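*Asks:* generate a structure from the sequence data that follows.
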Amino acid sequence: MQLAEINVATLRAPLDDPMIADFAAGIAPLNQLAEAAPGFVWRLVDEPGRVDTVVVGASPFDPRIIVNMSVWESLEALRAFTYSGVHLDFIKRRRDWFSRMDVFLAMWWVADGERPTLAQGQARLRLLERNGSTARAFTFSSTFDADGSPSVPRQWPPHKPRK
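*Replies:* Numbers count the residues shown, from 1 in each chain. Now for the predicted structure:
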């Protein structure tokens, strides 16, 4: 089994707006880092072969919604990429570029070689929103193993005490 993930965001401004310029400029380098990361398997692109794409306008109602969807060999591989280096720097700046969303990430297990569709990813987000974390759709804070059992709880990313 491999781990699929969908990550959605609502841009605070159009992708070509100066407010979003740092994010837009970082898309290609970040995707290249992801593709070179240990455990990376596949990612959704909206133009075949391009490494600088995100799926923009994933909602017919709001063209500011962007989507990233990928498959990884393991939860640990995705976690290691997500919470390190350039990607972590992007996470720290997310409020500069994105509006707050209650449900923005869902993960689930797929058979080796399976490539989820955007519709499947959107369905997992709805499941998570409706049911909370389950083996069918979960988040980093409440993970499940490929066999459907809850993962051993971990504190990740490491949290610093609040002042």
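
*Asks:* find the nearest non-adjacent residue to Ser70, please.
*Replies:* Arg43 (4.0 Å; C-beta to C-beta, 6 or more residues apart in numbering). Yep, even glycine has a C-beta here, placed from its N, CA and C like the rest.

*Asks:* tell me which helix or strand Gln32 sits in.
*Replies:* According to DSSP states H and E, Gln32 maps onto helix 21-36.

*Asks:* ignore the last one, Leu78
*Replies:* Secondary structure from DSSP H and E places Leu78 in helix 75-82.

*Asks:* for this structure, where's the lowest mean pLDDT among helices and strands?
*Replies:* Ranking every helix and strand in the chain by mean pLDDT, DSSP states H and E puts strand 55-56 at the bottom, with a mean of 62.

*Asks:* chain center to the following helix or strand past it, what's the gap?
*Replies:* Moving toward the C-terminus from strand 55-56, the next helix or strand (DSSP H and E) is strand 65-72. Mean-position distance between strand 65-72 and its chain equals 5 Å (C-alpha atoms, centre = their mean, to the nearest Å).

*Asks:* could you do stretch 132-147 as well?
*Replies:* With C-alpha atoms, centre = their mean, you get 14 Å for stretch 132-147.

*Asks:* which other residues reach it?
*Replies:* For stretch 132-147, contacts defined as C-beta atoms under 8 Å, 6 or more residues apart in numbering pick out 1, 75, 79, 82, 105-109, 124-125, 127-128, 131, 148-151, 154, 156.

*Asks:* the residue lying closest to Ser149 once chain neighbours are set aside and Ala106: what is the separation?
*Replies:* The spatially closest residue to Ser149, leaving aside those adjacent along the chain, is Ala135, at 7.7 Å (C-beta to C-beta, 6+ apart). Separation of Ala135 from Ala106 (C-beta to C-beta, to the nearest Å) stands at 12 Å.
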